[in-house]
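J.: My questions are about this predicted structure, shown below with the sequence.
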Amino acid sequence: MDRLSPQDASFLYIENEFSHMHIAAVAIFGGPAPRNHEIEEMISSKLHRVPRYRQRVRFVPFDLARPVWMDDPHFDLNYHVRHTALPEPGTEEQLRTLVGRVMSQQLDRSKPLWEVWIVEGLERGQWAILSKNHHCMVDGVAGTDLLSAIMDDAKDSKHPEPEGWRPSAPPTGISLLRDAAWDTLTSPREAWHAARRAIGRPRKLLQEISEVGDGLATLHFSESKVETSLNGPIGPHRRWRQAKASISDVKKIRSAHGGTVNDVVLSAITQGFRELLLSRREPVRYRVVRTLVPVSVRHEAERGVYNNRVSAMFAELPVGVEDPVERLNVVREQMENLKEHHQAVAAETLTSLSGFAPTALLALGTRLFAGLEQHAVQTVTTNVPGPQRTLYAAGRPMVAAYPYVPLVGSVRIGIEIFSYLGQITFGITCDAATVTDVDVHAQGIEAASPSCSQRAERRCGCKVSVSA
């Protein structure tokens, strides 16, 4: 029985009837669709790799400690693996509608917090897997590892008989309270040992204090208020849209104009927001769209550990800059400045400090935060690198994958970026009631690369084409 970390638990506490804290991936496969039992056999043979798939969350009475993971004595794989089909002709629009509908439903907390939907009947003889996991289980990087863990690495992979599994006895309410009391007693001791270790390394301690202070100094701008239609109350229903580009094209733009792949991607998202605001007749001159940019702090040794290891930076997308190359330069300079000032280090430190807060206050504070209107941040943009090798399910190759990011607070649009087999894909999540024009945003993202690419052609003499 494992206790959730403060960060993992916060994704449970922040969830309410309007903010559904699950992440997802929509994987597209070449046909024909597998028979009903084939996907179940593939997942069943690999459940021992992902213990969380057979565990559910158990809350401690009175929130005296963070929740724990416990084996589900009634685990049934058939409940979690579901089959559906699109009516003819199985268009992308029909798939988007299905994804929005499935993602508008909260996961059942009385069971393990995941679902896999097998979707048949897509155009061109294709089919899809919609994999849905609660954010308290995984962050984006761990989610990618999870996708690789349940998929096959080869077309002809064999699926051995599932390993034997017997659920552990569920904890009683008294045992949960006893363990909570013990954790409360030992937490100050752990803090004291951490302090002693830090004092034993004074030079490193001073460096870390300096980095945190430098980072906190750059967070103050997020307190100011920006009035825009991108913020406001959200409802329980979701709309989802995807966009795509080629990694090779993005790298050519980076080579011609400098910066990183992430800078080019953020610049493309900036144009998407610029086009969206202009279509709504909102002023963009001298305007920015503030975004929370999650940053993975997962070490290589932690790969394969399914939990949350993320920090954050706050960036300003320069929607007021019309020229695409100038816009990219602004984004690049800003991201370099944020990294130089260790903003992600500061955010990670603040998150880790919550581990010493009384759990009841942590739960209450997180829930209150979710219920407030936040105008300091208009969106979230998260970039997760995916595998660059072909994955398979039941012998069928995965040809593309699109991500899904949850919405929280008063943020009406969120974007997650995923890379796989030479493609960069964008999954755009929005509130269904207030964002009916998400196509404008997606088209703006896809149009951004050609505008920068034309400049790249003139500068380096290369021919750049963008997949859109």
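T.: Received, thanks.

J.: The closest residue in space to residue 412 that isn't next to it in sequence: neighbouring residues, count only.
T.: Nearest residue to residue 412, sequence neighbours excluded (C-beta to C-beta, 6 or more residues apart in numbering): residue 431, at 4.6 Å. From N, CA and C alone the C-beta is placed, and that goes for glycine too. By the measure other C-beta atoms under 10 Å, the count of residues near residue 431 is 23.

J.: residue contacts, residue 431?
T.: Neighbouring residues of residue 431 by C-beta atoms under 8 Å, 6 or more residues apart in numbering: 234, 235, 237, 238, 239, 407, 412, 413.

J.: What separation do you get for the first one and residue 19?
T.: In this case it means residue 234. Residue 234 is 7 Å from residue 19, where distance means C-beta to C-beta, to the nearest Å.

J.: how close does the residue nearest to residue 412 get to residue 448?
T.: Noted for residue 431: a distance of 23 Å to residue 448, by C-beta to C-beta.

J.: How about residue 85?
T.: 35 Å.

J.: neighbour count winner among these two?
T.: residue 448 (27 against 14).

J.: shaky segments in the stretch 1-150 of the chain?
T.: 139-146 (pLDDT under 70).

J.: Helices of that one, start to end?
T.: In the stretch 1-150 of the chain, the segments counted as helices under DSSP state H, counting those that start in this stretch are 6-13, 36-44, 77-80, 92-103, 140-150.

J.: Deepest-packed of those helices, please.
T.: Most buried of these by mean neighbour count (mean count of other C-beta atoms under 10 Å) is helix 6-13; its value is a mean of 23.

J.: Give me the distance between that one and the centre of its chain.
T.: 14 Å (C-alpha atoms, centre = their mean, to the nearest Å).

J.: other SSEs contacting that helix?
T.: Identification of packing neighbours for helix 6-13 by 3 or more C-beta pairs under 8 Å, 6 or more residues apart in numbering; DSSP states H and E yields helix 343-353, helix 359-371.

J.: and the first one, what's its mean pLDDT?
T.: Read that as helix 343-353. Regarding helix 343-353, the rounded mean pLDDT is 42.

J.: Residue 240 contacts residue 429, doesn't it?
T.: Yes. Using C-beta atoms under 8 Å, residue 240 and residue 429 qualify as a contacting pair, with a distance of 5.7 Å.

J.: Now do the shared contacts for those two.
T.: Contacts common to residue 240 and residue 429, judged by C-beta under 8 Å, 6+ apart, are 103, 404.

J.: and this protein, what are its domains?
T.: 2-150, 214-389+397-460 (automatic domain parsing).

J.: can you redo those as a markdown table with distance to residue 181?
T.: Shown next, in a markdown table, are the domains of the chain (distance: least, C-beta to C-beta, whole Å):
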| stretch | distance to residue 181 |
| --- | --- |
| domain 2-150 | 8 |
| domain 214-389+397-460 | 12 |
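
J.: Run through the strands of the stretch 151-300 of the chain in chain order.
T.: For the stretch 151-300 of the chain, strands defined by DSSP state E, counting those that start in this stretch occupy the ranges 238-246, 289-296.

J.: how about the ones you listed, which one is nearest residue 379?
T.: strand 289-296 (4.8 Å; C-beta to C-beta).

J.: Determine the number of other residues adjacent to residue 120.
T.: 16.

J.: same deal with residue 440?
T.: Residue 440: 18 neighbours (other C-beta under 10 Å).

J.: Ok, residue 112 next?
T.: Using other C-beta under 10 Å: residue 112 sits among 27 other residues.

J.: so who does it touch?
T.: Shown in contact with residue 112 (C-beta under 8 Å, 6+ apart): 52, 53, 54, 55, 56, 72, 75, 80.

J.: out of these, who's nearest residue 329?
T.: Nearest member of the contacts of residue 112 to residue 329, counting by C-beta to C-beta, is residue 52, at 42.8 Å.

J.: mind checking how far the residue lying closest to the closest one once chain neighbours are set aside is from residue 404?
T.: In space, and not counting its chain neighbours, residue 52 is closest to residue 137: 5.1 Å by C-beta to C-beta, 6+ apart. Look at residue 137 and residue 404: by C-beta to C-beta, they are 15 Å apart.

J.: Using CSV, write out every CA atom in stretch 425-437.
T.: Written as CSV, here are the backbone C-alpha positions of stretch 425-437 (Å, rounded to 0.1, in the frame of the first residue of the first chain):
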residue,chain,number,x,y,z
THR,A,425,0.9,16.5,-33.1
PHE,A,426,-1.2,19.0,-31.1
GLY,A,427,-4.2,18.1,-29.0
ILE,A,428,-6.3,21.1,-28.3
THR,A,429,-8.8,20.8,-25.4
CYS,A,430,-11.5,23.4,-24.9
ASP,A,431,-14.7,24.1,-23.0
ALA,A,432,-17.5,23.1,-25.3
ALA,A,433,-19.9,25.8,-24.2
THR,A,434,-17.6,28.8,-24.7
VAL,A,435,-15.1,27.8,-27.4
THR,A,436,-17.0,26.9,-30.5
ASP,A,437,-14.4,28.3,-32.8
